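**Student:** what's the 3D shape of this:
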Amino acid sequence: MSKTLIIGGVAAGAGCAARLRRLDEDAQIVLLERGGFISYANCGLPYHVGDVIKARESLLVTPVEVMRSRYNVDVRTCNEALSIDRNNKTVLVKNHITGEEYIESYDKLVIATGSSPLRPRIPGIDSPRILTLWTVPDTDHIRELIRGLGTKSAVVVGGGFIGLEMADNLHHAGLSVSIVEATDQVMAPVDPEMAEILHNNIRSNGVGLYLADGVASFEDKGASVDVKLSSGTVLSADIVILSIGVRPNSQIAKDAGLELNARGGIIVNDHMQTADPDIYAAGDVVEVEDFIFGDRTMVPLAGPANKQARIVADNICGIPSTYKGTQGSSVAQVFDMAAASTGANEKALIRRGLVRGKDYTSILINQNSHAGYYPGAVPIYLKLLFSVDGSKIYGAQIIGQDGVDKRIDTIGTAIRLGAGVSALKDLELAYAPPFNSAKDPVNMAGFTAENVLRGFVKFSDWKIPEDAVILDIREEPEVAEYAFPGAVCIPLGQLRSRLNELDRGAHYVVMCAGGVRAYNAARILTQNGFGNVEVYPAGSKFYRLLHSEQ
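**Tutor:** Got it, this is the predicted structure:
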């Protein structure tokens, strides 16, 4: 009877244990978890803080008792693996309840130790009012501060997934909230112009947003804490939530002589196997293959962790199984919007040396979440990045209030299956007015990309070039409601009869509300001898979001 010892009992560890049991009824499975809980919904913790998820028990996906009885797994919580002896195939374990240390043997070992939130050496960071959210006890403590001790204000340091979700849920719980982000945008997986939509939404919800302004120091004031920013700005709050990234819990692997990358990720092959054939690793702690480019990266996401856990179990049981890379598909709720991405963003393409117009191009469109004539339709902003020949989709980003997740999943699936942009226009997607339009936003992305590749349309940068003249082809009531300084205003229906008012040698950026009428106007102009015509991406609605502070 083989014995598998699993270190770590959350997503990857618990998932691996369950899969192992389903494949081998006779296997001996021991699961070590240094904390008091296994298989809990880490991604749901912010929503329990905000009382969106009311029952704490809902977060415990597979409680210890269920894992023991249903899967016949020897679960040992509060038992921490201290070191690995590869030669003797044993692990030194400490029971934190009794204080006892003991030796546990294994035939196969799985390292699923996950990651931990970063706490950089900032002066004053040891204040008990400066917290992180990573475990069930963390959640309990923050809820107690909010509900039991009357916490009224919070500063969230970090504008990534957890930071934004925490800010949203703290705001939902009635706190006054500010977000501090050291870089110039929140949500790193999206590009700057897309992030601006989120910035506008955050501010419109009454949440303070401090960008490109890191924390210089903290000062505990007893009943509050002062957060001093690099700019000199001082924010005072009852609590501070740190959400500035994670590091892999790989020290035990390093001490055992297993190879790590520069960021501390355990290096594994596509079977999730380390250099030691009897030791596997999965989840946040491992380095993975980037699906888009094929090189190595680290992507701490729950979906990949669960897939990797399954692959580990398969291989331990003699079923050849490989992990085929991570493309980073993700979605987050940011107040009343959802932000999603898959694959590479434009920042990543530029870092890799790809050149816009030579190696890749992009489109940014504004479409309704469902048929515009059906009540409740809201805008979706979709950015698609693809090769200049259209054969490869590098990535996509979508932001909106409804229907974001299914569109990013559709494009993510197309990327996974190796589709080019032409496949997007051919997809046959379910349609009824409450759910969609006859031409889904994903189809429209394919149509628009094809128009770009065929030279039918050229889009301007989201920052309008200084030499360009805005040609506003909206109707007079639209212009009266929001006008562009210095723009030439000719409604689309009058454009053909008024072409003589325009300079054929000028550089025009055509603007309408969403982009469709501007495309029609650009086609009229280019077919009438205008040689330098661009369409503003996603129209005046997008422009206004980008310039909301003005």
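
**Student:** which residues of the chain score low on pLDDT?
**Tutor:** 549-550 (pLDDT under 70).

**Student:** switch the cut-off to 90
**Tutor:** The model of the chain has pLDDT under 90 over residues 1, 39-43, 51, 55-63, 147-150, 545-550.

**Student:** who does the residue nearest the centre of it bridge with?
**Tutor:** Geometric centre of the chain, nearest residue: Ser330, 4.2 Å, by C-alpha atoms, centre = their mean. Beta-bridge pairing for Ser330 (DSSP bridges): Ser341.

**Student:** what sits against Ile125?
**Tutor:** Arg119, Phe218, Leu242 (C-beta atoms under 8 Å, 6 or more residues apart in numbering). Where you see a C-beta, it was placed from the backbone N, CA and C, and this is true even at glycine.

**Student:** Could I get the full set of strands for the stretch 301-450 of the chain?
**Tutor:** Per DSSP state E, counting those that start in this stretch, the stretch 301-450 of the chain carries strands over the ranges 330-334, 337-343, 360-368, 379-387, 393-400.

**Student:** Show me what the first one packs onto, helices and strands only.
**Tutor:** It refers to strand 330-334. Contacts defined by 3 or more C-beta pairs under 8 Å, 6 or more residues apart in numbering; DSSP states H and E place strand 330-334 against helix 161-172, helix 192-204, strand 337-343, helix 404-416.

**Student:** Of the strands of the stretch 301-450 of the chain, which is nearest Arg517?
**Tutor:** strand 360-368 (11.8 Å; C-beta to C-beta).

**Student:** residues making contact with the closest one?
**Tutor:** With C-beta under 8 Å, 6+ apart, strand 360-368 has contacts from 193, 346, 349, 354, 356, 377-388, 394, 437, 441, 444-445, 448-449, 452, 459, 462, 514-515, 537-539, 541-542.

**Student:** shouldn't Leu32 be in contact with Leu82?
**Tutor:** No - Leu32 lies out of contact with Leu82 (C-beta atoms under 8 Å); the separation is 10.3 Å.

**Student:** Common neighbours of these two, please.
**Tutor:** Common neighbours of Leu32 and Leu82 (criterion: C-beta under 8 Å, 6+ apart): Val91, Val93.

**Student:** more crowded one of these two?
**Tutor:** Leu32 (26 against 12; other C-beta atoms under 10 Å).

**Student:** What distance do you get for the more buried one to Ala414?
**Tutor:** 40 Å (C-beta to C-beta, to the nearest Å).

**Student:** do the same with Ile316
**Tutor:** Per C-beta to C-beta, Ile316 is found 33 Å from Ala414.

**Student:** Please say which of those two ends up with more neighbours.
**Tutor:** Neighbours per residue (other C-beta under 10 Å) separate Ile316 from Ala414, with Ile316 holding more: 26 against 20.

**Student:** Name all residues that make contact with that one.
**Tutor:** By C-beta under 8 Å, 6+ apart, Ile316 lies in contact with Ser2, Thr4, Leu20, Lys108, Val110, Tyr280.

**Student:** just the buried members of the residues you listed?
**Tutor:** The neighbour count (16 or more other C-beta atoms under 10 Å) marks Thr4, Leu20, Lys108, Val110, Tyr280 as buried among those.

**Student:** In strands only, show me those residues.
**Tutor:** Thr4, Lys108, Val110, Tyr280 (DSSP state E).

**Student:** partners of the closest residue in space to the third one that isn't next to it in sequence in the sheet?
**Tutor:** Read that as Val110. Distances taken as C-beta to C-beta, 6 or more residues apart in numbering place Ile6 nearest to Val110, at 4.4 Å, with adjacent residues excluded. Taking DSSP bridges as the rule, Ile6 bridges to Leu31, Val110.

**Student:** Just give the number of residues close to the closest residue in space to Asn42 that isn't next to it in sequence.
**Tutor:** Nearest residue to Asn42, sequence neighbours excluded (C-beta to C-beta, 6+ apart): Val10, at 6.4 Å. Burial of Val10 is recorded as 24 neighbouring residues (other C-beta under 10 Å).

**Student:** Val10 contacts Ile38, correct?
**Tutor:** Yes - the criterion here is C-beta under 8 Å, and Val10 meets it with Ile38 at 6.7 Å.

**Student:** and the longest helix seen in the chain, how far from the chain's centre?
**Tutor:** Criterion DSSP state H: the longest helix present in the chain is helix 302-316. Remark: helix 302-316 is offset 21 Å from the chain centroid, using C-alpha atoms, centre = their mean, to the nearest Å.

**Student:** Dump that helix to CSV, restricted to CA.
**Tutor:** What follows is helix 302-316, C-alpha atoms only, in CSV (Å, rounded to 0.1, in the frame of the first residue of the first chain):
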residue,chain,number,x,y,z
ALA,A,302,-7.2,29.2,-7.5
GLY,A,303,-8.3,27.7,-10.9
PRO,A,304,-4.7,26.7,-11.9
ALA,A,305,-4.0,25.4,-8.4
ASN,A,306,-7.0,23.0,-8.5
LYS,A,307,-6.0,21.7,-11.9
GLN,A,308,-2.5,21.1,-10.9
ALA,A,309,-3.6,19.2,-7.8
ARG,A,310,-5.6,16.9,-10.0
ILE,A,311,-2.6,16.4,-12.3
VAL,A,312,-0.4,15.5,-9.3
ALA,A,313,-2.8,12.9,-8.1
ASP,A,314,-3.1,11.4,-11.6
ASN,A,315,0.6,11.0,-12.0
ILE,A,316,1.1,9.5,-8.5
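
**Student:** Could you shift the numbering so residue one becomes 8, and keep it that way?
**Tutor:** Right, with 8 as the first residue, what we last looked at is helix 309-323.

**Student:** Can you list the buried residues in it?
**Tutor:** 309, 311-323.

**Student:** go on, stretch 397-416?
**Tutor:** In stretch 397-416, counting by 16+ other C-beta under 10 Å, buried: 397, 399-411, 413-415.

**Student:** coming back round to it: to Ser243, which of the helices and strands packed on strand 337-341 lies closest?
**Tutor:** helix 168-179 (15.5 Å).

**Student:** So which residues make contact with that closest one?
**Tutor:** 53-54, 56-59, 140, 153, 161, 163-164, 184, 186, 188, 193-194, 205, 209, 212-214, 248, 250-251, 337, 339-342.

**Student:** Just the buried residues from those, in ChimeraX please.
**Tutor:** Listed next is the ChimeraX selection for buried residues among those, using 16+ other C-beta under 10 Å:
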select :53,54,56,57,140,153,161,163,164,184,186,188,193,194,205,209,212,214,248,250,251,337,339,340,341,342
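
**Student:** and the helix or strand harbouring Ile91, which strands flank it?
**Tutor:** Of the helices and strands defined by DSSP states H and E, Ile91 is found in strand 86-92. Using DSSP bridges, the strands paired with strand 86-92 are strand 97-102 (antiparallel).

**Student:** And the contacts of the partner strand?
**Tutor:** Residues outside strand 97-102 that contact it (C-beta under 8 Å, 6+ apart): 12, 14, 39, 83, 85-92, 107-113, 116.

**Student:** Just the buried ones among those, please.
**Tutor:** Using 16+ other C-beta under 10 Å, the buried ones in the contacts of strand 97-102 are Leu12, Ile14, Leu39, Arg83, Asn86, Glu87, Ala88, Ile91, Glu111, Tyr113, Leu116.

**Student:** Now do the same contact list for the nearest residue to the last one once chain neighbours are set aside.
**Tutor:** Translated: Leu116. Leaving aside its chain neighbours, Leu116 sits nearest to Ile286 (4.6 Å; criterion: C-beta to C-beta, 6+ apart). Ile286 makes contacts with Ile91, Arg93, Lys115, Leu116, Val117, Ile118, Ala263, Leu265, Gln280, as judged by C-beta under 8 Å, 6+ apart.

**Student:** likewise Gln404?
**Tutor:** Contacts of Gln404 by C-beta under 8 Å, 6+ apart are Pro196, Val197, Asp198, Met201, Ala346, Ala347, Ser348, Asn352, Leu389, Lys390.

**Student:** before we move on, back to that, and the buried residues of helix 309-323 as a markdown table, adding distance to Ala378?
**Tutor:** Formatted as a markdown table, these follow (distance: C-beta to C-beta, whole Å):
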| residue | distance to Ala378 |
| --- | --- |
| Ala309 | 33 |
| Pro311 | 35 |
| Ala312 | 38 |
| Asn313 | 36 |
| Lys314 | 36 |
| Gln315 | 40 |
| Ala316 | 41 |
| Arg317 | 39 |
| Ile318 | 42 |
| Val319 | 45 |
| Ala320 | 45 |
| Asp321 | 44 |
| Asn322 | 48 |
| Ile323 | 50 |
